[in-house]
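Visitor: sequence plus predicted model, see below.
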Amino acid sequence: MIYKTRGIVFRFTKFRETSIIVTIFTDQFGLQTYIVNGVRSKNSKNKIALYQPLTLLNLVVYHRENANIERIKEIQCLHPYTTLLSDMRKSAIAMFINELLNKTVKEESHAKEIFDFIFDSLVTLDGLREFENFHMVFMVKLSQYLGFGIQHSNQVIGGHLVDAATESLLAQLIAAGYDDKIKMMNSERRVLIDLLVDFYTSHFENLKGMKSLQVLREVLS
């Protein structure tokens with residue numbers, strides 16, 4: 001059967017000489033894997049750009065229940081980013097978000113809700129002027145869709161020893177929207193992101209040693 005769906009690219013890997021295997025989170029079917037032939041050939045007219053991580057897509061796809069891999073019939077960019085790829089700091093945040101999503105989002109039972117959240121968040125990040133805390137607010141909000149929603153700072157702090165200022169900042173993050181301005185120093189931001197990553201790691205062991213975290217720290221320092 002052929003279906004229309006929106007999609008967010010999570011990752012792709014090269015396959016044979018000119019093809020790729022791409023993993024896309026769709027609003028209709030959740031996480032799906034597609035084979036795309038010839039997209040890396042000289043005559044592909046740079047179509048590989050459509051399969052870069054976090055690209056937002058409109059798709060027409062073939063779909064069969066229980067199939068491991070499918071094909072894409074039609075593809076077009078749904079929302080061209082204006083700053084996400086050109087701003088080094090936003091790109092670092094996007095890289096971190098992409099790694100986080102790849103390691104945590106597997107659920108398909110409420111795919112549209114998860115899709116809408118990720119889509120709206122990325123579009124928001126693309127348009128923001130102040131966004132240094134975006135990735136942390138994103139982690140708090142994403143947890144609501146992963147089954148362990150953060151409601152209180154004590155959930156995140158756990159057995160860590162933190163001072164009152166850190167606990168206060170964490171409480172502000174938990175209550176914050178993407179537009180809210182929370183003043184903090186880079187050192188405080190590093191402590192908070194470490195707390196959030198540790199909390200996530202208690203639910204997803206594969207988050208240990210996130211490669212994008214060090215890049216994020218350096219770019220936002």
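Guide: Received, thanks. Model, not experiment: these values are computed from the prediction.
Visitor: C-alpha from now on. contacts and neighbour counts both.
Guide: OK.
Visitor: for residue 94, what are its contacts?
Guide: Residue 94 makes contacts with 54, 84, as judged by CA atoms under 8 Å, 6 or more residues apart in numbering.
Visitor: can you check residue 213 too?
Guide: residue 96.
Visitor: which SS state does it fall under?
Guide: helix (DSSP: H, G, I helix; E, B strand; the rest coil).
Visitor: how close does it get to residue 98?
Guide: Distance from residue 213 to residue 98, counting by CA to CA, to the nearest Å: 11 Å.
Visitor: was I right to think residue 140 contacts residue 147?
Guide: No - at 11.7 Å, residue 140 does not count as touching residue 147 under the criterion of CA atoms under 8 Å.
Visitor: in the chain, which spans are helices?
Guide: Counting by DSSP state H, the chain has helices at residues 88-104, 111-127, 134-143, 153-157, 164-175, 186-201, 211-220.
Visitor: rewinding a little: residue 140 and residue 147: who's more crowded?
Guide: Shown here are residue 140 and residue 147; by other CA atoms under 10 Å, residue 140 has more neighbours (21 against 10).
Visitor: so who does residue 7 touch?
Guide: Listed by CA under 8 Å, 6+ apart, the contact partners of residue 7 are 24, 25, 26, 27, 56, 57, 58, 59, 115.
Visitor: can you give me the distance of it to residue 50?
Guide: Per CA to CA, residue 7 is found 11 Å from residue 50.
Visitor: so what's in contact with the two at the same time?
Guide: Shared contacts of residue 7 and residue 50 (CA under 8 Å, 6+ apart): residue 57.
Visitor: so what's residue 49 up against?
Guide: Residues counted as contacts of residue 49 (CA under 8 Å, 6+ apart): none.
Visitor: quick one: pLDDT of residue 46?
Guide: At residue 46, the predicted lDDT confidence score is 68.
Visitor: check residue 67 too.
Guide: Note for residue 67: predicted pLDDT of 87.
Visitor: count of residues packed around it?
Guide: Residue 67 has 9 neighbours, counted by other CA under 10 Å.
Visitor: and if you look at residue 151?
Guide: Residues within reach of residue 151, counting by other CA under 10 Å, total 15.
Visitor: so which of the helices of the chain is the most packed in?
Guide: When the helices of the chain are scored by mean count of other CA atoms under 10 Å, the highest mean neighbour count falls to helix 134-143 (a mean of 21).
Visitor: so which elements touch that helix?
Guide: helix 88-104, helix 111-127, helix 164-175, helix 186-201 (3 or more CA pairs under 8 Å, 6 or more residues apart in numbering; DSSP states H and E).
Visitor: save these as JSON lines, and put in distance to residue 217 too.
Guide: Converted to JSON lines, the helices and strands packed on helix 134-143 look like this (distance: least, CA to CA, whole Å):
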{"stretch": "helix 88-104", "distance to residue 217": "9"}
{"stretch": "helix 111-127", "distance to residue 217": "18"}
{"stretch": "helix 164-175", "distance to residue 217": "18"}
{"stretch": "helix 186-201", "distance to residue 217": "7"}
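Visitor: alright, I will stop here.
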